[in-house]
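my questions are about this predicted structure, shown below with the sequence.
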2 protein chains.
Amino acid sequence: MKISCSKELLTHAVQTVQKAVASKSTLPILTGIYLSALDGKLELQATDYEIGICCKIDAQIDEPGTIVLSGRYLQELVRKLPGETIHILSLPAEKTIQITSNSAQFNLLLMPAEEFPVINKLEGETSFLIKDNVFRELIKKTVFSCATDEARPIFTGALLEINRFNAKMVATNTHRLALKEDNLENSEKEVKIIIPSKILTELARLLVSEHPLDVVVSCHKNQVSFSFDNVYIKSRVIEGQFPDYNRVIPDSFATQVTLPTDNFLDAVERVSLLARDGEYNVIKLSFENDMVVINSNNPDVGKACETVPAVIAGNGLEIAFNAKYVTDIMKNINSEKITFSFNTPLSPACIKPVDDEHYTYIITPVRTS
Amino acid sequence: MKISCSKELLTHAVQTVQKAVASKSTLPILTGIYLSALDGKLELQATDYEIGICCKIDAQIDEPGTIVLSGRYLQELVRKLPGETIHILSLPAEKTIQITSNSAQFNLLLMPAEEFPVINKLEGETSFLIKDNVFRELIKKTVFSCATDEARPIFTGALLEINRFNAKMVATNTHRLALKEDNLENSEKEVKIIIPSKILTELARLLVSEHPLDVVVSCHKNQVSFSFDNVYIKSRVIEGQFPDYNRVIPDSFATQVTLPTDNFLDAVERVSLLARDGEYNVIKLSFENDMVVINSNNPDVGKACETVPAVIAGNGLEIAFNAKYVTDIMKNINSEKITFSFNTPLSPACIKPVDDEHYTYIITPVRTS
């Protein structure tokens, strides 16, 4: 292999595939980044068998070839190289690759390229297009609700449901559920897949183009791929039956409260300062007389109390929540106001931004003595 | 106690004393911050017996008093309070303190104030003045050379030597030594104390006034105190005999090399990327033909090579160093150029900025095969 490419492009490509590089692995080859040079393009690949990421950049290819290098060293090194252009030359006799840029010259040991599990493009039975900004919003507004506990794998992913012109993403850990939906252009497909939260988080990080672009999503058996710009990501899907989320969302509410988003979030965060140690991560809300009173009580430290003005339609009530489940959703709401809706102190409550009918958050109260 | 004070001032005071709050301690009272209100002033104190810090701010004192609160909770809480003014009221019957600010109200449990080891001002036998910016420079340019290993306590601190109109600070871990000196105004004192590096680092963090101010340094037996602005810091000194640093600094050098600071630092950092794993943290320098060639070789990863233009007076030579000992000093040099001076590949070398005769760094080479 003998190639030259821009430092900026190579740095971008290495950072793109970096999250798929295994940090430690029983298979050392998975700690490497695979580089393949052919026809004016340099393709980088990394995979830890959970997720595989490819990124293709323009390069001047003097001699095509394929190598694998330590992911950790390649990342640190490329970023720090002094010149704008990077030259890569393999020296098979020495089993090294020579990387030069201005006055800097590095010789890195080659890893055995033939051992790398090259990522094949998925030949999708079903594929559809979704705009990257739409997809990013679906992910960011739901993925935080996934379970982190691996005990019930189905809840460690989010459901992506495509139903012709409608796209929905749903995530839950059984104590809270986030649902975000949006419109799709020109779709005729019906898809239901559960995507691991780790892959969704990585996708949201990479879906940051300046101009909206299409993401091609392909599904085949138990795999899914996402293709956009010069990036290709492949992942397993989580198998199993996602619970019927429609049954979790109450049809009507006895009490509807309108609250100022920032003001309420700040107050809950302060009160939760004293609430967050272990089992005491509980805040109590009481809605009455045009205000909500937020309380916490930690016998080892003290107690906190805040009031926030509220517009209350329906009966007053007292209800308790895990503070983190309230702050998590509040941080994802861009509207100035939210509606917080209740039936009884022990039945699921609902938080929505006032101006987005297509974003719903269900939260189960905590039973207190 | 019943007081009101500005959130900004109280936040500043809590952050100032925070580093002296014990995070975990066999004596729970040391995890607290002591607050004492009297005569229009609120004084905060914290100590972990290694270091004690006091900070005094203006406050409206309606009822004087003395309390101790959890340092961890006070810090997080004060910073997040919603209003510009904070009201503090002790409720002895409930053994709590009430902190209010706008709509927020916190009741924190009191810690037993009578158990707090109140910091008494040192009645210094010897005291002198030093400008805060001068003191900060002395610290910042030397303290990184202290030993982190507690095996030889004397090297975990830096020597402060006051000799009438001259102030020197010296730090060494026996493999490298940093010496910085500056002038003192109006001093008649002679002082030699070894101050723990932890206290010096904390001092440098706090010595950031916009206008130069005097720091009063007082020594008494095995203690030293620093007083400036509204802050008072007390620490033990390290007892023992600091080695004669003058014997470590060679009188003359056979080779003197002038190098561009940034260019050399960048090159050394890149080459050390491949050098830094465990025992391989070694770079080799060879000075010849108007350039320095910097090499590293890590059998598990690969090797690196850089060249930097150099003006060499005297004989060429090859010499090896711990890469970190070179980058540490280079990051503390503000001049555009340095002089790097040598005698033989096995004798101590010297790095100095070209335009600061009063900053000297001695570094012992590594023996390579």
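Alright, I've got the coordinates. Fair warning: this is a prediction, and the values are worked out from it, not measured in the lab.

what about the residue nearest to A:Pro117 when sequence neighbours are not counted, how many residues nearby?
On the basis of Cβ to Cβ, 6 or more residues apart in numbering or on different chains, the spatially nearest residue to A:Pro117 that is not a chain neighbour turns out to be A:Thr47, at 6.2 Å. Every residue, glycine included, has its C-beta placed from N, CA and C. Look at A:Thr47: counted by other Cβ atoms under 10 Å in any protein chain shown, it has 24 neighbours.

for A:Thr47, name its beta-bridge partners.
Beta bridges link A:Thr47 to A:Gly52, judged by DSSP bridges.

and it, how far from A:Glu318?
According to Cβ to Cβ, to the nearest Å, A:Thr47 and A:Glu318 sit 51 Å apart.

so what are the domain limits for chain A?
A:2-115, A:126-246, A:249-363 (automatic domain parsing).

would you turn those domains into JSON lines with mean pLDDT?
JSON lines is the format used below for the domains of chain A (pLDDT from 0 to 100):
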{"stretch": "domain A:2-115", "mean pLDDT": "95"}
{"stretch": "domain A:126-246", "mean pLDDT": "93"}
{"stretch": "domain A:249-363", "mean pLDDT": "94"}
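
identify the residues contacting the residue at minimal distance from the centre of chain A.
Nearest to the mean C-alpha position of chain A, by Cα atoms, centre = their mean, lies A:Thr201 at 1.7 Å. By Cβ atoms under 8 Å, 6 or more residues apart in numbering or on different chains, A:Thr201 lies in contact with A:139, A:143.

surely it is within a strand?
No: counting by DSSP: H, G, I helix; E, B strand; the rest coil, A:Thr201 falls outside a strand, being helix.

specify the local secondary structure of the closest residue to A:Glu94 other than its chain neighbours.
Nearest-residue entry for A:Glu94: A:Asn107, 7.3 Å, with adjacent residues in sequence omitted and distances by Cβ to Cβ, 6+ apart. The three-state label given to A:Asn107 by three-state DSSP is strand.

hang on, A:Asn107 packs against A:Thr96?
Yes: the criterion here is Cβ atoms under 8 Å, and A:Asn107 meets it with A:Thr96 at 4.5 Å.

how about the stretch 251-369 of chain A: which residue is closest to chain B?
As assessed by Cβ to the nearest Cβ, chain B sits closest to A:Gly302 within the stretch 251-369 of chain A, at 4.0 Å.

bridged to that residue, which residues?
Taking DSSP bridges as the rule, A:Gly302 bridges to A:Asn298, B:Leu108.

and it, how many neighbours?
Around A:Gly302 there are 25 residues (other Cβ under 10 Å).

and A:Arg79, what is it in contact with?
Going by Cβ under 8 Å, 6+ apart, the list of residues near A:Arg79 reads A:11, A:14.

where's it, which helix or strand?
Using DSSP states H and E, A:Arg79 sits within helix A:71-80.

gap between A:Cys54 and A:Phe226?
To A:Phe226, A:Cys54 is 11 Å away according to Cβ to Cβ.

quickly list what's touching both of the two.
Taking Cβ under 8 Å, 6+ apart as the criterion, A:Cys54 and A:Phe226 both touch A:232-233.

who in the stretch 201-350 of chain A is up against chain B?
Within the stretch 201-350 of chain A, the positions near chain B by Cβ under 8 Å from any Cβ of the partner chain are A:266-267, A:269-270, A:273-274, A:300-308.

ChimeraX command to pick out the buried ones of those residues?
To isolate the buried members of these in ChimeraX, using 16 or more other Cβ atoms under 10 Å in any protein chain shown:
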select /A:266,267,269,270,273,274,301,302,303,304,305,306,307,308
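
farthest pair within the residues of the stretch 201-350 of chain A next to chain B?
For those, the farthest-apart pair by Cβ to Cβ is A:Asp300 and A:Val308; their separation is 26.2 Å.

neighbours of A:Pro112, how many?
Neighbour count of A:Pro112, defined by other Cβ under 10 Å: 12.

strands along the stretch 151-300 of chain A, start to end?
Counting by DSSP state E, counting those that start in this stretch, the segments of the stretch 151-300 of chain A that form strands are A:157-163, A:166-172, A:176-183, A:190-196, A:214-220, A:223-228, A:231-236, A:255-260, A:282-288, A:291-298.

with mean neighbour count added, can I get those strands in JSON lines?
What follows is the strands of the stretch 151-300 of chain A, written out as JSON lines (neighbours: other Cβ atoms under 10 Å in any protein chain shown):
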{"stretch": "strand A:157-163", "mean neighbour count": "22"}
{"stretch": "strand A:166-172", "mean neighbour count": "22"}
{"stretch": "strand A:176-183", "mean neighbour count": "21"}
{"stretch": "strand A:190-196", "mean neighbour count": "19"}
{"stretch": "strand A:214-220", "mean neighbour count": "19"}
{"stretch": "strand A:223-228", "mean neighbour count": "21"}
{"stretch": "strand A:231-236", "mean neighbour count": "21"}
{"stretch": "strand A:255-260", "mean neighbour count": "19"}
{"stretch": "strand A:282-288", "mean neighbour count": "21"}
{"stretch": "strand A:291-298", "mean neighbour count": "21"}
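
tell me how far stretch A:53-60 lies from the chain's centre.
23 Å (Cα atoms, centre = their mean, to the nearest Å).

buried set for that stretch?
A:53-57, A:59.

now stretch A:118-133
For stretch A:118-133, a neighbour-count test (16+ other Cβ under 10 Å) marks A:119, A:122, A:124, A:127-128, A:130-133 as buried.

contact partners for A:Leu184?
For A:Leu184, the contact set (Cβ under 8 Å, 6+ apart) comprises A:128-130, A:134, A:162, A:164-167.

for the residue of the stretch 1-150 of chain A found nearest chain B, what are its contacts?
When scored by Cβ to the nearest Cβ, the stretch 1-150 of chain A has A:Leu108 as its residue closest to chain B, at 4.0 Å. Applying Cβ under 8 Å, 6+ apart to A:Leu108 gives the contacts A:69-70, A:73-74, A:77, A:96-97, A:99, B:301-302.
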